[in-house]
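Chemist: Build the 3D model from these lines:
(one chain, ligands or ions: 1)
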Amino acid sequence: MPATVILGGHWGDEGKGKVIDLLAPDFEYNVRYSGGANAGHTVVNEHGSFALHQVPSGVLHGGLTAMLAAGTVVDPRALLAEMDELRQRGVSFDRFYISERAHLVLPYHYALDVAMEQYRAGARIGTTGKGIGPAYADKASRDGLRVGDLLDKSRFVHLLEGAVASANRRLASYGAEPVDRSSLVEESLEWAEHLRPYICDVERDLRRAHAAGRSILLEGAQGALLDLDSGSYPFVTSSSTGAAGACVSAGLPPSAVTKVISVMHAYMTRVGAGPFPTEANDAAGEHIRTKGNEFGTTTGRARRCGWFDAVASRYAVEVNGVSSLALTKLDVLDGLETVKLCVGYEVKGKRLESPPPSVHVLGQAQPVYEEVAGWETPTAGAGSWEELPKQAQAYVRRIEELMGVPAGIISVGPARSQTIVLSDVLG
Ligand code: IMP
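Modeler: Predicted coordinates:
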């Protein structure tokens, strides 16, 4: 059975949680493959609204095996708090597993994240402050501690003491407070006890599951345009958010993935710094922010909002081999007189059809817009394609044309019922 990747096609916050929740019943495994506590997936179901950060969205479906793969970074303190909160709301963790290979995010990574941002004067990334960059940097420099290290108490304490000493030297160089070693050692031994039952060789188990024909949903976090390699570097996150990253993280061969579903807003948002050619700092941008409730699930920060950027979106489709789109939050555009679509960039009079690798050049890009008619009739209550206003249909068709792939799912509100399924995206 081939594996399916569901990823965000923009800069994150596209509504992946809802789409994963919708498709989860078709899968036996749900694997989160990138990022850590920087993510925020909102799922609204019959039990209420759930804001998930590290736990894979599929955990809300009892029958599924939910996993955190090697390419994620695990913040034990935040994860245990999230699990506790979910348990209190009746969620079971009987079939939840964490990769031994995943790296740990520890309190000194948080402190370093904040300290490093302060020193990026003038060019702050606007990180979530969740220690993501420093944790992945430790991994790449081979100084990281892994989840599996928690299983051997005395070895872990030895490794942690060395890591804290090193982090404190780095913190001192930023003039930041050191992290207290002994309280961290004590706390981490408690984490080890609580997390022990969930830790295993997730990647081996996934390969076995794949060979046995089990259905696997690989869940991305953040978005394709925040990928460390193909995103708008340095205004990216520190993991491989793209479809290829899913295989690396989950220990599956690239040939395992045959479907890639890109979740895209019907517009664009971005949190943090970095070029955003179609940003709308006007009434339309405010309309999108307010109506779309575009405030961070993890940080509460107001998201930057703008028009659908077909240049950046098409790039994400191509890089990730996207097979179909899930277009979300179409209802947010209800009531706008006209809707704009960016179909090209212009830099110093030259037309670009693909985002330039340099953010410096991207920062100069002027969007070339197509303007289409908006719609008055609310889409929120539409239960089928035929019930969508003609103008909204035309807008969706134009996006499909520009992306070169069909929209299989259209979301017109947060509830499961507010979804129009146009084609079997898994078929
Ligand atoms: P970091 O991942 O905390 O290092 O932040 C790096 C960049 O990615 C910043 O611009 C963040 O705002 C952005 N980012 C990280 N996680 C998310 C997310 O889940 N949604 C949207 N943006 C994110």
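Chemist: Pull up the residues of this structure that are close to the ligand.
Modeler: Residues of the chain found near the ligand (C-beta under 6 Å from any ligand atom) are 11-13, 38-40, 125-128, 130, 132-133, 221-222, 226, 235, 237-238, 271-272. In this view, the C-beta of every residue, glycine as well, is placed from N, C-alpha and C.
Chemist: Go through these and flag which are in strands.
Modeler: If you go by DSSP state E, those have nothing in strands.
Chemist: Tell me the buried residues within these.
Modeler: 11-13, 38-40, 125-128, 130, 132-133, 221-222, 226, 235, 237-238, 271-272 (16 or more other C-beta atoms under 10 Å).
Chemist: can you tell me which residues contact Thr297?
Modeler: Thr297 is in contact with Asp13, Gly40, His41, Thr42, Ala51, His53, counting by C-beta atoms under 8 Å, 6 or more residues apart in numbering.
Chemist: Let me know the closest of those residues to Gly242.
Modeler: The shortest approach to Gly242 among the contacts of Thr297 belongs to Asp13, at 16.6 Å (C-beta to C-beta).
Chemist: what's the helix or strand hosting Arg87 packed up against?
Modeler: Under the criterion of DSSP states H and E, Arg87 resides in helix 76-88. Under the contact definition 3 or more C-beta pairs under 8 Å, 6 or more residues apart in numbering; DSSP states H and E, helix 76-88 sits against helix 181-195.
Chemist: Could I get the full set of helices for the stretch 1-150 of the chain?
Modeler: Assigned by DSSP state H, counting those that start in this stretch, the stretch 1-150 of the chain shows helices spanning 16-23, 76-88, 107-119, 132-140.
Chemist: Single out the most deeply packed of these.
Modeler: Counting by mean count of other C-beta atoms under 10 Å, helix 16-23 has the highest mean neighbour count of these, with a mean of 24.
Chemist: For that helix, name the packing helices and strands.
Modeler: Applying 3+ C-beta pairs under 8 Å, 6+ apart, one finds that helix 16-23 contacts strand 3-8, strand 41-45, strand 216-219, strand 257-265, strand 324-328, strand 407-411.
Chemist: looking at those strands, which has the lowest confidence?
Modeler: Note on the helices and strands packed on helix 16-23: lowest mean pLDDT is at strand 41-45, with a mean of 83.
Chemist: and Trp339, how many neighbours?
Modeler: For residue 339 the amino acid is Val, not Trp. Using other C-beta atoms under 10 Å, Val339 has 23 neighbouring residues.
Chemist: Surely it is in a helix?
Modeler: No. Counting by DSSP: H, G, I helix; E, B strand; the rest coil, Val339 falls outside a helix, being strand.
Chemist: And it, how far from Arg301?
Modeler: For Val339, the distance to Arg301 (C-beta to C-beta, to the nearest Å) stands at 25 Å.
Chemist: ditto for Ile6
Modeler: In this view, Ile6 and Arg301 are 24 Å apart by C-beta to C-beta.
Chemist: Those two: which is more packed in?
Modeler: Applying other C-beta under 10 Å to Ile6 and Arg301 shows that Ile6 carries more neighbours, namely 25 against 13.
Chemist: What number of residues are in the vicinity of the closest residue to the more buried one other than its chain neighbours?
Modeler: Leaving out its chain neighbours, the residue that sits closest to Ile6 by C-beta to C-beta, 6 or more residues apart in numbering is Ile261, at 4.8 Å. Ile261 has 27 neighbours, counted by other C-beta under 10 Å.
Chemist: Quick check: Ile261 touching Gly427?
Modeler: No. Ile261 is beyond contact range of Gly427, at 12.0 Å (criterion: C-beta atoms under 8 Å).
Chemist: Now the stretch 201-350 of the chain against the ligand: closest residue?
Modeler: Of all residues in the stretch 201-350 of the chain, Gly272 sits closest to the ligand, at 2.2 Å by C-beta to the nearest ligand atom.
Chemist: In contact with the nearest residue to that residue once chain neighbours are set aside, which residues?
Modeler: Beyond its immediate neighbours in the sequence, the residue positioned closest to Gly272 (C-beta to C-beta, 6+ apart) is Gly126, lying 2.9 Å away. Each residue near Gly126 by C-beta under 8 Å, 6+ apart is listed here: Glu117, Phe235, Val271, Gly272, Ala273, Gly274.
Chemist: And for Val421?
Modeler: By C-beta under 8 Å, 6+ apart, the residues touching Val421 are Gly408, Ile409.
Chemist: So in terms of bridging, what pairs with it?
Modeler: For Val421, the beta-bridge partners are Ile409 (DSSP bridges).
Chemist: Model confidence score at it, please.
Modeler: Note on Val421: pLDDT of 93.
Chemist: what helix or strand does Cys305 sit in?
Modeler: Going by DSSP H and E, Cys305 is in strand 304-306.
Chemist: Now do that strand: distance to the chain's middle.
Modeler: Counting by C-alpha atoms, centre = their mean, to the nearest Å, strand 304-306 is centred 17 Å from the centre of its parent chain.
Chemist: hang on, the earlier thing: export the helices of the stretch 1-150 of the chain to TSV and append columns for mean pLDDT.
Modeler: Below are the helices of the stretch 1-150 of the chain laid out as TSV (pLDDT from 0 to 100):
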stretch	mean pLDDT
helix 16-23	91
helix 76-88	97
helix 107-119	96
helix 132-140	98
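Chemist: okay, those in a markdown table with distance to Arg416 next?
Modeler: Formatted as a markdown table, the helices of the stretch 1-150 of the chain follow (distance: least, C-beta to C-beta, whole Å):
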| stretch | distance to Arg416 |
| --- | --- |
| helix 16-23 | 6 |
| helix 76-88 | 19 |
| helix 107-119 | 35 |
| helix 132-140 | 30 |
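Chemist: With respect to Val322, which of these lies nearest?
Modeler: Of all these, it is helix 16-23 that lies closest to Val322, at 13.1 Å by C-beta to C-beta.
Chemist: Touching that closest one from outside, list them.
Modeler: Helix 16-23 is contacted by residues 4, 6-8, 30, 41-45, 50, 52, 56-58, 60-61, 217, 219-221, 261, 263, 326, 328, 409, 411, 414, 416, 419, 425-426 when judged by C-beta under 8 Å, 6+ apart.
Chemist: For stretch 308-326, buried residues please.
Modeler: Across stretch 308-326, burial judged by 16+ other C-beta under 10 Å covers 308-317, 319-326.
Chemist: Switch the helices and strands packed on helix 16-23 over to TSV; also include distance to Arg397.
Modeler: Below are the helices and strands packed on helix 16-23 laid out as TSV (distance: least, C-beta to C-beta, whole Å):
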stretch	distance to Arg397
strand 3-8	22
strand 41-45	28
strand 216-219	28
strand 257-265	15
strand 324-328	11
strand 407-411	9
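Chemist: between these, which one is nearest to Arg289?
Modeler: Closest approach to Arg289 among the helices and strands packed on helix 16-23 (C-beta to C-beta): strand 257-265, 12.0 Å.
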